[in-house]
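Peer 1: how would this look folded up:
(chains A and B)
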Amino acid sequence: DSGVTQTPKHLITATGQRVTLRCSPRSGDLSVYWYQQSLDQGLQFLIQYYNGEERAKGNILERFSAQQFPDLHSELNLSSLELGDSALYFCASSVGWGAGGRTDTQYFGPGTRLTVL
Amino acid sequence: GENVEQHPSTLSVQEGDSAVIKCTYSDSASNYFPWYKQELGKRPQLIIDIRSNVGEKKDQRIAVTLNKTAKHFSLHITETQPEDSAVYFCAARPPLRYNQGGKLIFGQGTELSVKP
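Peer 2: Presented below is the predicted three-dimensional model:
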């Protein structure tokens, strides 16, 4: 158990719908990262928040958005869902923001499996 | 953009043999290289990592080597056991000039199968 929690574990929804994925980082970690894992694309970085502020952005679709709240938990919002959005969504956390050193080790949560029908 | 190539995509070894997985990264200034193990349906778990100021790191049966000149790094598992069977991912962190954060670029993964 990494200490990172994600809810829900599974989500089944229809095309065009909107869903929210939730992540709580390890105690003491200030950074939250979101990754998407699909069969053909591997693990793809979506976005990082550090202490409430967006820190780095990957190839995240405009239909996707995220935020980090004052208690440091994060939510990833996926809207206008398409079949191709079906994937495992992982959240990871680290102490630091990426400057280097031991504080940047990323620990992954158990993931949310999203199925869009 | 940043890219990490990983080979082989599948690897089958006999229990007790060694396994080697290789990765190549595109940006020579990348500075951090972790390896993750992912069992089916589970989270990626960090097994070892290396930073750009170190050439080699070992932890029991697992070792990682880094060749900055060639821009590649490798995972070595000795005395493999059936419980080593999983998908292994390498990753690289791009330098701060491209990435004001800690994002990781992952390789495509290697499915390791250890036959008893």
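
Peer 1: Just the strands from chain B, written as ranges.
Peer 2: B:4-7, B:10-14, B:19-25, B:32-38, B:45-51, B:56-59, B:62-67, B:72-77, B:86-92, B:105-106, B:110-115 (DSSP state E).

Peer 1: Quick one: closest of these to chain A.
Peer 2: Among these, the nearest to chain A by CB to the nearest CB is strand B:105-106 (4.1 Å). C-beta: built from backbone N, CA, C; applies to glycine.

Peer 1: for that closest one, the distance to its chain's centre please.
Peer 2: The gap between where strand B:105-106 is centred and where its chain is centred comes out at 10 Å by CA atoms, centre = their mean, to the nearest Å.

Peer 1: residues in contact with that strand?
Peer 2: Strand B:105-106 has contacts (CB atoms under 8 Å, 6 or more residues apart in numbering or on different chains) with A:42-45, B:2-4, B:25, B:89-94.

Peer 1: do stretch B:38-50 as well
Peer 2: For stretch B:38-50, using CB under 8 Å, 6+ apart, the contacting residues are A:2, A:43, A:90, A:105-111, B:32-37, B:56-57, B:59, B:62-66, B:73, B:75, B:86-89, B:109.

Peer 1: Near chain B, which residues of chain A are found?
Peer 2: Taking CB under 8 Å from any CB of the partner chain as the criterion, chain A approaches chain B at residues A:2, A:31, A:33, A:42-45, A:48, A:50, A:55-56, A:58, A:90, A:94, A:96-100, A:104-111.
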